[in-house]
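predicted model, plus sequence, below.
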2 protein chains.
Amino acid sequence: MPAAATPHFSTKERILSVAEALFAEHGFAGTSLRLVTSQADVNLAAVNYHFGSKDNLVAEVFRRRMDEMSRARLELLESARLVEGDRLDAVLRAFIEPALALSLDRDGGAAFVRVLARAYAERNDRLRKFLSDNYGHVLREFSRAIAECMPQLSKEALYWRLDFLAGALTYAMADFGLLRRGDNTDEKSHCERAASELVAFAAAGFRAG
Amino acid sequence: MPAAATPHFSTKERILSVAEALFAEHGFAGTSLRLVTSQADVNLAAVNYHFGSKDNLVAEVFRRRMDEMSRARLELLESARLVEGDRLDAVLRAFIEPALALSLDRDGGAAFVRVLARAYAERNDRLRKFLSDNYGHVLREFSRAIAECMPQLSKEALYWRLDFLAGALTYAMADFGLLRRGDNTDEKSHCERAASELVAFAAAGFRAG
DNA sequence: GTCTATATAGAGATAGAC
DNA sequence: GTCTATCTCTATATAGAC
(Lines give C-alpha, C1' and ligand atoms only; values in the text may rest on other atoms or scores of the structure.)
Protein backbone atom coordinates (compact mmCIF):
# COMPACT_ATOMS: atom_id res chain seq x y z
CA MET A 1 0.00 0.00 0.00
CA PRO A 2 2.82 2.53 0.52
CA ALA A 3 3.93 4.29 -2.58
CA ALA A 4 7.07 2.17 -2.62
CA ALA A 5 4.90 -0.26 -4.58
CA THR A 6 4.23 2.36 -7.28
CA PRO A 7 7.71 3.23 -8.59
CA HIS A 8 6.32 4.97 -11.67
CA PHE A 9 5.65 8.03 -9.52
CA SER A 10 8.34 10.62 -9.05
CA THR A 11 10.37 10.83 -5.88
CA LYS A 12 8.48 13.95 -4.92
CA GLU A 13 5.07 12.31 -5.35
CA ARG A 14 6.14 9.23 -3.42
CA ILE A 15 7.33 11.40 -0.54
CA LEU A 16 4.03 13.30 -0.50
CA SER A 17 1.89 10.16 -0.48
CA VAL A 18 3.88 8.42 2.21
CA ALA A 19 4.07 11.56 4.35
CA GLU A 20 0.30 11.99 4.10
CA ALA A 21 -0.33 8.46 5.35
CA LEU A 22 2.18 8.79 8.17
CA PHE A 23 0.95 12.23 9.25
CA ALA A 24 -2.55 10.76 9.47
CA GLU A 25 -1.37 7.93 11.67
CA HIS A 26 1.28 9.55 13.87
CA GLY A 27 0.72 13.28 13.60
CA PHE A 28 3.17 15.85 12.33
CA ALA A 29 5.56 15.94 15.25
CA GLY A 30 5.29 12.19 15.64
CA THR A 31 6.39 11.49 12.08
CA SER A 32 10.13 11.64 11.44
CA LEU A 33 11.59 12.35 8.04
CA ARG A 34 13.60 9.16 8.43
CA LEU A 35 10.37 7.16 8.60
CA VAL A 36 8.96 9.01 5.60
CA THR A 37 12.00 8.50 3.42
CA SER A 38 12.49 4.87 4.36
CA GLN A 39 8.86 4.00 3.58
CA ALA A 40 8.94 6.02 0.38
CA ASP A 41 12.14 4.18 -0.51
CA VAL A 42 14.04 7.39 -1.16
CA ASN A 43 17.13 8.84 0.41
CA LEU A 44 16.88 10.81 3.63
CA ALA A 45 18.30 13.90 1.97
CA ALA A 46 15.57 13.91 -0.68
CA VAL A 47 13.03 15.65 1.55
CA ASN A 48 15.24 18.65 2.08
CA TYR A 49 16.22 18.69 -1.55
CA HIS A 50 12.65 18.70 -2.83
CA PHE A 51 10.84 20.60 -0.08
CA GLY A 52 13.48 22.53 1.81
CA SER A 53 12.19 21.61 5.25
CA LYS A 54 9.76 19.43 7.12
CA ASP A 55 7.37 22.38 7.53
CA ASN A 56 7.24 22.91 3.79
CA LEU A 57 6.55 19.23 3.28
CA VAL A 58 3.56 19.52 5.62
CA ALA A 59 2.23 22.51 3.69
CA GLU A 60 2.58 20.69 0.37
CA VAL A 61 0.67 17.70 1.70
CA PHE A 62 -2.21 20.06 2.37
CA ARG A 63 -2.02 21.99 -0.86
CA ARG A 64 -2.17 18.85 -2.98
CA ARG A 65 -5.65 17.95 -1.67
CA MET A 66 -7.13 21.22 -0.44
CA ASP A 67 -6.93 23.01 -3.77
CA GLU A 68 -9.07 20.33 -5.37
CA MET A 69 -11.47 20.02 -2.47
CA SER A 70 -11.99 23.78 -2.24
CA ARG A 71 -12.60 24.02 -5.95
CA ALA A 72 -15.18 21.23 -5.74
CA ARG A 73 -16.92 22.83 -2.77
CA LEU A 74 -17.19 26.22 -4.43
CA GLU A 75 -18.41 24.68 -7.68
CA LEU A 76 -21.14 22.73 -5.89
CA LEU A 77 -22.01 25.85 -3.95
CA GLU A 78 -22.57 27.72 -7.20
CA SER A 79 -24.94 24.98 -8.33
CA ALA A 80 -26.72 25.10 -5.00
CA ARG A 81 -27.38 28.81 -5.48
CA LEU A 82 -29.50 27.93 -8.50
CA VAL A 83 -31.82 25.67 -6.50
CA GLU A 84 -35.35 27.00 -6.29
CA GLY A 85 -36.94 27.48 -2.90
CA ASP A 86 -35.13 26.17 0.18
CA ARG A 87 -31.46 25.73 -0.69
CA LEU A 88 -30.12 24.86 2.76
CA ASP A 89 -29.81 21.14 2.10
CA ALA A 90 -28.03 21.74 -1.19
CA VAL A 91 -25.61 24.19 0.41
CA LEU A 92 -24.81 21.74 3.18
CA ARG A 93 -24.29 18.96 0.68
CA ALA A 94 -21.87 21.20 -1.21
CA PHE A 95 -19.85 21.53 1.97
CA ILE A 96 -20.01 17.90 3.03
CA GLU A 97 -19.82 15.85 -0.14
CA PRO A 98 -16.34 16.88 -1.34
CA ALA A 99 -15.02 15.70 2.02
CA LEU A 100 -16.90 12.47 1.49
CA ALA A 101 -15.40 12.12 -1.96
CA LEU A 102 -11.94 12.50 -0.48
CA SER A 103 -12.56 9.88 2.14
CA LEU A 104 -13.63 7.44 -0.57
CA ASP A 105 -10.60 8.22 -2.72
CA ARG A 106 -8.42 5.15 -3.04
CA ASP A 107 -5.17 7.08 -3.45
CA GLY A 108 -4.68 8.36 0.06
CA GLY A 109 -7.63 10.71 0.28
CA ALA A 110 -8.96 8.76 3.23
CA ALA A 111 -5.69 9.37 5.05
CA PHE A 112 -5.86 13.04 4.21
CA VAL A 113 -9.20 13.41 5.95
CA ARG A 114 -7.47 12.33 9.13
CA VAL A 115 -4.63 14.72 8.41
CA LEU A 116 -7.21 17.50 8.23
CA ALA A 117 -8.53 16.52 11.63
CA ARG A 118 -5.00 16.68 12.98
CA ALA A 119 -4.60 20.14 11.55
CA TYR A 120 -7.60 21.38 13.47
CA ALA A 121 -6.06 20.18 16.71
CA GLU A 122 -2.68 21.72 15.93
CA ARG A 123 -2.00 25.07 17.49
CA ASN A 124 0.94 25.40 15.10
CA ASP A 125 0.66 29.03 14.07
CA ARG A 126 2.37 28.64 10.72
CA LEU A 127 0.02 25.85 9.72
CA ARG A 128 -3.08 27.70 10.89
CA LYS A 129 -2.04 30.82 9.03
CA PHE A 130 -1.32 28.81 5.90
CA LEU A 131 -4.79 27.23 6.01
CA SER A 132 -6.56 30.44 6.90
CA ASP A 133 -4.75 32.46 4.22
CA ASN A 134 -5.30 29.92 1.48
CA TYR A 135 -8.67 28.38 2.26
CA GLY A 136 -10.45 30.74 4.63
CA HIS A 137 -12.37 32.30 1.76
CA VAL A 138 -14.17 29.00 1.18
CA LEU A 139 -15.59 29.01 4.69
CA ARG A 140 -16.57 32.63 4.25
CA GLU A 141 -18.46 31.80 1.06
CA PHE A 142 -20.42 29.08 2.81
CA SER A 143 -21.06 31.37 5.71
CA ARG A 144 -22.60 33.88 3.30
CA ALA A 145 -24.63 31.27 1.46
CA ILE A 146 -26.12 29.85 4.64
CA ALA A 147 -26.87 33.33 5.90
CA GLU A 148 -28.86 33.91 2.72
CA CYS A 149 -30.86 30.72 3.39
CA MET A 150 -31.45 31.67 7.00
CA PRO A 151 -31.84 35.46 7.10
CA GLN A 152 -33.44 35.37 10.54
CA LEU A 153 -30.39 33.68 12.09
CA SER A 154 -28.08 35.96 14.06
CA LYS A 155 -24.47 36.25 12.93
CA GLU A 156 -23.25 34.72 16.18
CA ALA A 157 -25.59 31.73 15.95
CA LEU A 158 -24.55 31.22 12.35
CA TYR A 159 -20.86 31.10 13.26
CA TRP A 160 -21.45 28.70 16.11
CA ARG A 161 -23.44 26.36 13.92
CA LEU A 162 -20.80 26.45 11.22
CA ASP A 163 -18.28 25.45 13.86
CA PHE A 164 -20.49 22.59 14.99
CA LEU A 165 -20.84 21.44 11.41
CA ALA A 166 -17.09 21.57 10.78
CA GLY A 167 -16.40 19.67 13.97
CA ALA A 168 -18.99 17.00 13.29
CA LEU A 169 -17.85 16.61 9.69
CA THR A 170 -14.20 16.29 10.53
CA TYR A 171 -14.74 13.77 13.29
CA ALA A 172 -17.23 11.65 11.44
CA MET A 173 -15.22 11.53 8.23
CA ALA A 174 -12.01 10.77 10.09
CA ASP A 175 -13.89 7.94 11.81
CA PHE A 176 -12.88 8.91 15.29
CA GLY A 177 -16.00 7.52 16.90
CA LEU A 178 -15.46 5.89 20.27
CA LEU A 179 -18.64 3.84 20.14
CA ARG A 180 -18.10 0.75 18.06
CA ARG A 181 -20.13 0.21 14.96
CA GLY A 182 -20.87 -2.99 13.13
CA ASP A 183 -18.06 -3.84 10.71
CA ASN A 184 -20.32 -5.58 8.25
CA THR A 185 -20.67 -2.53 6.01
CA ASP A 186 -18.14 -1.65 3.36
CA GLU A 187 -16.33 1.64 3.42
CA LYS A 188 -18.25 3.22 0.59
CA SER A 189 -21.72 2.78 2.03
CA HIS A 190 -20.36 3.66 5.47
CA CYS A 191 -19.21 7.04 4.19
CA GLU A 192 -22.30 7.68 2.13
CA ARG A 193 -24.44 6.92 5.13
CA ALA A 194 -22.33 9.32 7.19
CA ALA A 195 -22.77 12.09 4.64
CA SER A 196 -26.52 11.78 4.33
CA GLU A 197 -26.94 11.47 8.09
CA LEU A 198 -24.83 14.57 8.61
CA VAL A 199 -26.72 16.60 6.02
CA ALA A 200 -29.98 15.75 7.79
CA PHE A 201 -28.55 16.39 11.25
CA ALA A 202 -26.96 19.70 10.32
CA ALA A 203 -29.92 20.97 8.32
CA ALA A 204 -32.18 20.40 11.31
CA GLY A 205 -29.59 22.04 13.55
CA PHE A 206 -29.32 25.15 11.38
CA ARG A 207 -33.08 25.45 11.28
CA ALA A 208 -33.40 25.13 15.07
CA GLY A 209 -35.01 27.73 17.28
CA MET B 1 0.16 31.35 34.64
CA PRO B 2 2.31 28.18 34.64
CA ALA B 3 2.31 26.32 37.89
CA ALA B 4 5.82 27.52 38.57
CA ALA B 5 4.06 30.52 40.09
CA THR B 6 2.24 28.27 42.59
CA PRO B 7 5.06 26.60 44.54
CA HIS B 8 2.70 25.38 47.24
CA PHE B 9 1.73 22.50 44.99
CA SER B 10 3.70 19.29 45.02
CA THR B 11 6.22 18.47 42.36
CA LYS B 12 3.84 15.90 40.96
CA GLU B 13 0.95 18.38 40.72
CA ARG B 14 3.14 21.00 39.10
CA ILE B 15 4.30 18.51 36.52
CA LEU B 16 0.71 17.50 35.74
CA SER B 17 -0.50 21.09 35.34
CA VAL B 18 2.38 22.17 33.15
CA ALA B 19 2.18 19.01 31.05
CA GLU B 20 -1.52 19.56 30.50
CA ALA B 21 -0.96 23.08 29.21
CA LEU B 22 1.90 22.03 26.97
CA PHE B 23 0.09 18.98 25.59
CA ALA B 24 -2.79 21.29 24.68
CA GLU B 25 -0.49 23.64 22.83
CA HIS B 26 2.05 21.33 21.19
CA GLY B 27 0.49 17.89 21.28
CA PHE B 28 1.88 14.81 22.96
CA ALA B 29 4.71 14.02 20.58
CA GLY B 30 5.51 17.71 20.25
CA THR B 31 6.00 18.23 23.97
CA SER B 32 9.33 17.13 25.37
CA LEU B 33 9.85 16.21 28.99
CA ARG B 34 12.62 18.79 29.08
CA LEU B 35 10.12 21.52 28.28
CA VAL B 36 7.71 20.19 30.90
CA THR B 37 10.28 19.98 33.66
CA SER B 38 11.86 23.32 32.91
CA GLN B 39 8.50 25.13 32.94
CA ALA B 40 7.40 23.26 36.05
CA ASP B 41 10.70 24.25 37.62
CA VAL B 42 11.55 20.68 38.58
CA ASN B 43 14.42 18.46 37.62
CA LEU B 44 14.34 16.50 34.39
CA ALA B 45 14.52 13.21 36.24
CA ALA B 46 11.42 13.98 38.30
CA VAL B 47 9.03 12.88 35.56
CA ASN B 48 10.44 9.41 35.42
CA TYR B 49 10.60 9.22 39.19
CA HIS B 50 6.95 10.18 39.69
CA PHE B 51 5.33 8.72 36.61
CA GLY B 52 7.71 6.09 35.27
CA SER B 53 7.46 7.20 31.65
CA LYS B 54 6.08 9.86 29.36
CA ASP B 55 3.16 7.60 28.42
CA ASN B 56 2.13 7.25 32.03
CA LEU B 57 2.32 11.00 32.46
CA VAL B 58 -0.09 11.40 29.55
CA ALA B 59 -2.51 8.91 31.11
CA GLU B 60 -2.39 10.68 34.46
CA VAL B 61 -3.14 14.03 32.82
CA PHE B 62 -6.34 12.45 31.52
CA ARG B 63 -7.31 10.65 34.67
CA ARG B 64 -7.09 13.79 36.80
CA ARG B 65 -9.87 15.49 34.81
CA MET B 66 -11.85 12.69 33.23
CA ASP B 67 -12.81 11.01 36.49
CA GLU B 68 -14.46 14.20 37.68
CA MET B 69 -16.05 15.03 34.34
CA SER B 70 -17.46 11.52 33.91
CA ARG B 71 -18.88 11.56 37.43
CA ALA B 72 -20.55 14.92 36.75
CA ARG B 73 -21.98 13.72 33.45
CA LEU B 74 -23.47 10.58 34.93
CA GLU B 75 -24.89 12.48 37.89
CA LEU B 76 -26.58 15.02 35.63
CA LEU B 77 -27.81 12.17 33.47
CA GLU B 78 -29.52 10.61 36.48
CA SER B 79 -31.25 13.91 37.17
CA ALA B 80 -32.28 14.16 33.54
CA ARG B 81 -33.98 10.77 33.78
CA LEU B 82 -36.37 12.27 36.32
CA VAL B 83 -37.54 14.99 33.94
CA GLU B 84 -41.18 14.64 32.96
CA GLY B 85 -42.12 14.51 29.31
CA ASP B 86 -39.43 15.19 26.73
CA ARG B 87 -36.03 14.67 28.35
CA LEU B 88 -33.83 15.05 25.28
CA ASP B 89 -32.70 18.58 26.07
CA ALA B 90 -31.85 17.63 29.64
CA VAL B 91 -29.87 14.59 28.52
CA LEU B 92 -27.91 16.65 26.02
CA ARG B 93 -27.21 19.28 28.65
CA ALA B 94 -25.90 16.54 30.94
CA PHE B 95 -23.43 15.59 28.24
CA ILE B 96 -22.42 19.10 27.25
CA GLU B 97 -22.34 21.12 30.45
CA PRO B 98 -19.58 19.28 32.30
CA ALA B 99 -17.34 19.96 29.33
CA LEU B 100 -18.39 23.59 29.54
CA ALA B 101 -17.59 23.64 33.25
CA LEU B 102 -14.11 22.33 32.50
CA SER B 103 -13.48 24.95 29.87
CA LEU B 104 -14.43 27.66 32.37
CA ASP B 105 -12.21 26.18 35.08
CA ARG B 106 -9.43 28.59 35.91
CA ASP B 107 -6.94 25.93 36.90
CA GLY B 108 -6.10 24.48 33.54
CA GLY B 109 -9.45 22.93 32.66
CA ALA B 110 -9.60 25.06 29.55
CA ALA B 111 -6.30 23.59 28.41
CA PHE B 112 -7.58 20.11 29.12
CA VAL B 113 -10.46 20.54 26.72
CA ARG B 114 -7.91 21.06 23.99
CA VAL B 115 -5.99 18.03 25.21
CA LEU B 116 -9.18 16.02 24.81
CA ALA B 117 -9.49 17.20 21.24
CA ARG B 118 -5.92 16.09 20.64
CA ALA B 119 -6.74 12.70 22.03
CA TYR B 120 -9.50 12.26 19.49
CA ALA B 121 -7.07 12.96 16.67
CA GLU B 122 -4.42 10.63 18.07
CA ARG B 123 -4.41 7.16 16.64
CA ASN B 124 -2.20 6.13 19.58
CA ASP B 125 -3.61 2.73 20.44
CA ARG B 126 -2.56 2.74 24.07
CA LEU B 127 -4.26 6.07 24.64
CA ARG B 128 -7.43 5.04 22.82
CA LYS B 129 -7.63 1.82 24.79
CA PHE B 130 -7.05 3.67 28.04
CA LEU B 131 -9.89 6.09 27.27
CA SER B 132 -12.23 3.41 25.96
CA ASP B 133 -11.57 1.09 28.90
CA ASN B 134 -11.98 3.76 31.54
CA TYR B 135 -14.62 6.08 30.12
CA GLY B 136 -16.42 4.18 27.37
CA HIS B 137 -19.23 3.28 29.75
CA VAL B 138 -20.19 6.95 30.02
CA LEU B 139 -20.82 7.20 26.30
CA ARG B 140 -22.79 3.96 26.42
CA GLU B 141 -25.01 5.35 29.17
CA PHE B 142 -25.76 8.44 27.12
CA SER B 143 -26.39 6.31 24.09
CA ARG B 144 -29.00 4.35 26.06
CA ALA B 145 -30.61 7.46 27.50
CA ILE B 146 -30.96 9.13 24.12
CA ALA B 147 -32.34 5.92 22.64
CA GLU B 148 -35.03 5.99 25.32
CA CYS B 149 -35.93 9.57 24.35
CA MET B 150 -36.00 8.71 20.66
CA PRO B 151 -37.33 5.15 20.38
CA GLN B 152 -38.12 5.57 16.70
CA LEU B 153 -34.47 6.35 15.84
CA SER B 154 -32.49 3.48 14.33
CA LYS B 155 -29.41 2.31 16.16
CA GLU B 156 -27.19 3.36 13.27
CA ALA B 157 -28.64 6.86 13.10
CA LEU B 158 -28.26 7.18 16.86
CA TYR B 159 -24.57 6.30 16.72
CA TRP B 160 -23.91 8.70 13.88
CA ARG B 161 -25.64 11.52 15.66
CA LEU B 162 -23.72 10.83 18.85
CA ASP B 163 -20.53 11.06 16.82
CA PHE B 164 -21.63 14.36 15.33
CA LEU B 165 -22.39 15.67 18.80
CA ALA B 166 -19.02 14.56 20.17
CA GLY B 167 -17.22 16.15 17.25
CA ALA B 168 -19.11 19.42 17.45
CA LEU B 169 -18.66 19.60 21.21
CA THR B 170 -14.96 18.92 21.13
CA TYR B 171 -14.26 21.43 18.39
CA ALA B 172 -16.43 24.16 19.78
CA MET B 173 -15.15 23.86 23.31
CA ALA B 174 -11.56 23.69 22.17
CA ASP B 175 -12.21 26.86 20.16
CA PHE B 176 -10.79 25.54 16.92
CA GLY B 177 -13.02 27.67 14.72
CA LEU B 178 -11.33 29.04 11.65
CA LEU B 179 -13.85 31.84 11.18
CA ARG B 180 -12.96 34.70 13.46
CA ARG B 181 -15.41 35.85 16.06
CA GLY B 182 -15.62 39.18 17.80
CA ASP B 183 -13.24 39.29 20.76
CA ASN B 184 -15.43 41.67 22.73
CA THR B 185 -17.06 38.89 24.76
CA ASP B 186 -15.46 37.47 27.87
CA GLU B 187 -14.60 33.81 28.08
CA LYS B 188 -17.42 32.88 30.41
CA SER B 189 -20.26 34.18 28.29
CA HIS B 190 -18.50 32.88 25.19
CA CYS B 191 -18.57 29.34 26.60
CA GLU B 192 -22.09 29.59 27.93
CA ARG B 193 -23.29 30.80 24.59
CA ALA B 194 -21.49 27.87 22.96
CA ALA B 195 -23.16 25.38 25.27
CA SER B 196 -26.69 26.67 24.82
CA GLU B 197 -26.22 26.97 21.06
CA LEU B 198 -24.93 23.42 20.91
CA VAL B 199 -27.78 22.03 22.99
CA ALA B 200 -30.27 23.66 20.61
CA PHE B 201 -28.36 22.57 17.51
CA ALA B 202 -27.93 18.97 18.66
CA ALA B 203 -31.47 18.60 19.98
CA ALA B 204 -32.83 19.65 16.60
CA GLY B 205 -30.35 17.32 14.91
CA PHE B 206 -31.37 14.32 16.99
CA ARG B 207 -35.01 15.02 16.30
CA ALA B 208 -34.46 15.31 12.55
CA GLY B 209 -36.29 13.27 9.98
C1' DG C 1 12.60 12.92 46.97
C1' DT C 2 15.77 15.50 44.35
C1' DC C 3 19.99 16.26 42.15
C1' DT C 4 24.08 15.76 38.43
C1' DA C 5 25.80 13.33 34.97
C1' DT C 6 25.47 10.40 31.33
C1' DA C 7 23.96 6.44 28.37
C1' DT C 8 21.72 5.72 24.15
C1' DA C 9 19.12 6.86 20.51
C1' DG C 10 16.94 9.58 17.24
C1' DA C 11 15.89 13.97 15.27
C1' DG C 12 16.44 17.75 11.15
C1' DA C 13 19.57 19.61 8.23
C1' DT C 14 23.68 20.06 5.11
C1' DA C 15 28.21 19.43 2.53
C1' DG C 16 30.17 17.55 -1.14
C1' DA C 17 31.04 13.37 -4.23
C1' DC C 18 28.89 11.27 -8.15
C1' DG D 1 18.64 14.47 -8.84
C1' DT D 2 20.51 11.23 -5.71
C1' DC D 3 23.88 9.42 -2.73
C1' DT D 4 27.01 8.88 1.71
C1' DA D 5 28.60 10.81 5.58
C1' DT D 6 28.30 13.76 9.18
C1' DC D 7 27.17 17.99 12.01
C1' DT D 8 24.51 19.56 15.66
C1' DC D 9 20.88 19.28 18.57
C1' DT D 10 17.45 17.12 21.25
C1' DA D 11 15.02 13.29 22.96
C1' DT D 12 13.81 9.58 26.83
C1' DA D 13 15.58 7.15 30.33
C1' DT D 14 18.61 5.73 34.10
C1' DA D 15 22.55 5.28 37.55
C1' DG D 16 24.22 6.77 41.54
C1' DA D 17 25.52 10.74 44.84
C1' DC D 18 23.27 13.48 48.37
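Nice, thanks for sending it over. Numbering: from 1, shown residues only, chains lettered A, B, ... in the order given.

the strand or helix carrying A:Val61 and DNA strand C in contact?
If you go by DSSP states H and E, A:Val61 is part of helix A:54-81. Yes: using C-beta under 7 Å from any atom of the strand, we find that helix A:54-81 touches DNA strand C at A:Lys54, A:Asp55. Bear in mind the C-beta positions are built from the backbone N, C-alpha and C, glycine included.

who's in contact with whatever residue of chain A ends up closest to DNA strand D?
In chain A, no residue comes nearer to DNA strand D than A:Asn43, which is 2.8 Å away by C-beta to the nearest atom of the strand. The contact partners of A:Asn43, by C-beta atoms under 8 Å, 6 or more residues apart in numbering or on different chains, come to A:Thr37.

in terms of helices and strands, where is it?
Applying DSSP H and E, one finds A:Asn43 in no helix or strand.

A:Phe112 now?
Using DSSP H and E, the element containing A:Phe112 is helix A:109-121.

quick one: mean pLDDT over that helix.
Averaged over helix A:109-121, pLDDT sits at 90.

that one vs helix B:109-121, what angle?
170 degrees (axes from the mean of the first three to the mean of the last three C-alpha atoms, to 10 degrees).

by contact count, what packs against helix A:109-121?
Using 3 or more C-beta pairs under 8 Å, 6 or more residues apart in numbering or on different chains; DSSP states H and E as the contact test, the elements touching helix A:109-121 are helix A:11-26, helix A:54-81, helix A:88-104, helix A:155-174, helix B:109-121.

I'd like the next helix or strand past it.
Following helix A:109-121 toward the C-terminus (DSSP H and E): helix A:125-149.

show residues contacting that next one.
Contacts of helix A:125-149 with the rest of the structure, by C-beta under 8 Å, 6+ apart, involve A:28, A:55, A:58-59, A:62-63, A:66, A:70, A:73-74, A:77, A:80-81, A:86-88, A:91-92, A:94-95, A:119, A:122, A:153, A:155, A:158-159, A:161-162, A:166, A:206, B:178-179.

now stretch A:53-64
By C-beta under 8 Å, 6+ apart, the surrounding residues in contact with stretch A:53-64 are A:15-16, A:19-20, A:23, A:28, A:33, A:36, A:47, A:51, A:112, A:115, A:119, A:126-127, A:130-131, A:134.

restricted to buried residues, select those residues in ChimeraX.
This is the ChimeraX syntax for the buried subset of these, where burial follows 16 or more other C-beta atoms under 10 Å in any protein chain shown:
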select /A:15,16,19,20,23,28,33,36,47,51,112,115,119,127,130,131
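
for A:Ala29, which residues are in contact?
Neighbour list for A:Ala29: B:His26, B:Gly27, B:Ala29, B:Gly30 [criterion: C-beta under 8 Å, 6+ apart].

out of those residues, what pair is the most spread apart?
Taking C-beta to C-beta, the two most distant members of these are B:His26 and B:Ala29; they sit 8.5 Å apart.

could you check the pLDDT of the closest residue to A:Glu97 other than its chain neighbours?
Excluding its sequence neighbours, the residue lying closest to A:Glu97 (C-beta to C-beta, 6 or more residues apart in numbering or on different chains) is A:Ala195, at 6.1 Å. Looking at A:Ala195, its pLDDT stands at 92.

what lies in contact with the helix or strand hosting A:Ala195?
A:Ala195 belongs to helix A:187-206 when assigned by DSSP H and E. The set of residues external to helix A:187-206 that reach it, using C-beta under 8 Å, 6+ apart, is A:88-89, A:92-93, A:96-97, A:100, A:103-104, A:110, A:146, A:149-150, A:153, A:161, A:164-165, A:168-169, A:172-173, A:181, A:185, B:156-157, B:160-161, B:164, B:200-202, B:204-209.

spell out which residues of chain A are next to DNA strand C.
Taking C-beta under 7 Å from any atom of the strand as the contact definition, chain A meets DNA strand C at A:31-35, A:44-45, A:47-48, A:52-55.

can you tell me which of those residues lies nearest to chain B?
A:Thr31 (8.5 Å; C-beta to the nearest C-beta).

wait, what's in contact with the closest one?
A:Ala19, A:Leu22, A:Phe23, A:Glu25.

cool, A:Leu165 as well?
When contacts are counted by C-beta under 8 Å, 6+ apart, A:Leu165 touches A:Leu92, A:Phe95, A:Leu198, A:Ala202, A:Gly205, A:Phe206, B:Ala168.

picking that back up, make a ChimeraX selection of the buried ones in the contacts of helix A:187-206.
Of these, the buried ones go into a single ChimeraX selection, burial set by 16+ other C-beta under 10 Å:
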select /A:88,89,92,93,96,97,100,103,104,110,146,149,150,153,161,164,165,168,169,172,173 /B:157,160,161,164,200,201,202,204,205,206,207,208
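
one step back: out of the contacts of helix A:125-149, which end up buried?
For those, a burial check counting by 16+ other C-beta under 10 Å picks out A:28, A:58-59, A:62, A:66, A:70, A:73, A:77, A:80, A:87-88, A:91-92, A:94-95, A:119, A:122, A:153, A:158-159, A:161-162, A:166, A:206, B:178-179.

tell me the pLDDT of A:Arg181.
As predicted, A:Arg181 sits at a pLDDT of 61.

what is the orientation angle of the lowest-mean-pLDDT helix or strand in chain A with helix A:88-104?
Ranked by mean pLDDT, DSSP states H and E, the weakest helix or strand in chain A is helix A:109-121, scoring a mean of 90. Interaxial angle of helix A:109-121 relative to helix A:88-104 (the same axes, to 10 degrees): 110 degrees.

what angle sits between helix A:109-121 and helix A:11-26?
Between helix A:109-121 and helix A:11-26, the angle comes out at 60 degrees (the same axes, to 10 degrees).
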